[in-house]
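Q: Give the three-dimensional model of this entry:
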Amino acid sequence: MSTPVANRAREAQRLLDLLNALGSTTFRQLVWQRASELDLTYAQSQTLFYVRDHPGCHMGEVAKAFGVTLPAVTHIVDRLEQKQFLFRGDDPADRRVYVLELTRQGKALVQELHTMQMKGMEAVLQRMPVEDRQRVLKGLEALVEAATEAAK
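A: Here you go, the predicted structure:
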């Protein structure tokens, strides 16, 4: 007879396996293939998406969002500035920090990558019955909510 702890451990492993499998699917590979053509790392692309969603954010906010150090974010931002995808501006309220903004080129790249993600995901969802799609969305919403609570 299985214990609740053993069942939870099996479920956790199955979830990790499924998430890893999803992460290596074709639609994601296409996005990262395009990113690698631009010599863009995963961390750099995620930073671009974060800045798109949080224009004018500080580097410390990016570090906190990804659970990394400020020097790590500084390195990423340095590379993104060199590639002219984003720029650091002075924060008028606090001269000790910089605000981050996407350049026109950065906005175009993020839009291109997002469009690729959407097309890939739509192609996947199209292969699923409506009921399965709704169950997946509901389950993932519950998973994110539980993960957010666990992180507090």
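
Q: Mind jotting down where the strands sit in the protein?
A: With strands called from DSSP state E, the chain shows them at 57-58, 86-91, 94-102.

Q: contacts for the shortest one?
A: Pointing back at strand 57-58 there. Identification of contacts with strand 57-58 by Cβ atoms under 8 Å, 6 or more residues apart in numbering yields 50-51, 91, 97-100. Placement of C-beta: from N, CA and C, glycine included.

Q: one more time with 7 Å, if that's ok
A: For strand 57-58, contacts defined as Cβ atoms under 7 Å, 6 or more residues apart in numbering pick out 51, 91, 97-100.

Q: Run me through the strand neighbours of it, direction for each.
A: strand 94-102 (antiparallel) (DSSP bridges).

Q: what distance separates the partner strand from the centre of its chain?
A: 21 Å (Cα atoms, centre = their mean, to the nearest Å).

Q: Next: stretch 93-111.
A: 17 Å.

Q: How about stretch 134-150?
A: With Cα atoms, centre = their mean, you get 16 Å for stretch 134-150.

Q: can you check stretch 105-122 too?
A: Here the centre of stretch 105-122 is set off from its chain's centre by 12 Å, with Cα atoms, centre = their mean.

Q: returning to that earlier point: of the strands of the chain, which approaches residue 135 most closely?
A: Residue 135 sits nearest to strand 57-58 of all these, at 34.5 Å, using Cβ to Cβ.

Q: hmm, back to that, specify which member of the contacts of strand 57-58 is nearest to residue 5.
A: residue 51 (41.1 Å).

Q: So the closest one is in contact with residue 102, correct?
A: Yes - taking contacts as Cβ atoms under 7 Å, residue 51 lies within contact range of residue 102: 5.6 Å.

Q: tell me, what's touching those two both at once?
A: residue 86.

Q: neighbour-wise, which of the two wins?
A: Counted by other Cβ atoms under 10 Å, residue 51 and residue 102 do not tie: residue 51 has more neighbours, with 25 against 20.

Q: about what we covered before: just send the contacts of strand 57-58 back as TSV, with distance to residue 80 and pLDDT too.
A: Formatted as TSV, the contacts of strand 57-58 follow (distance: Cβ to Cβ, whole Å; pLDDT from 0 to 100):
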residue	distance to residue 80	pLDDT
51	9	97
91	18	84
97	17	85
98	12	88
99	14	93
100	9	96
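
Q: Separate out the buried members of the residues you listed.
A: Neighbour-count burial within those applies to 51, 98-100; the criterion is 16 or more other Cβ atoms under 10 Å.
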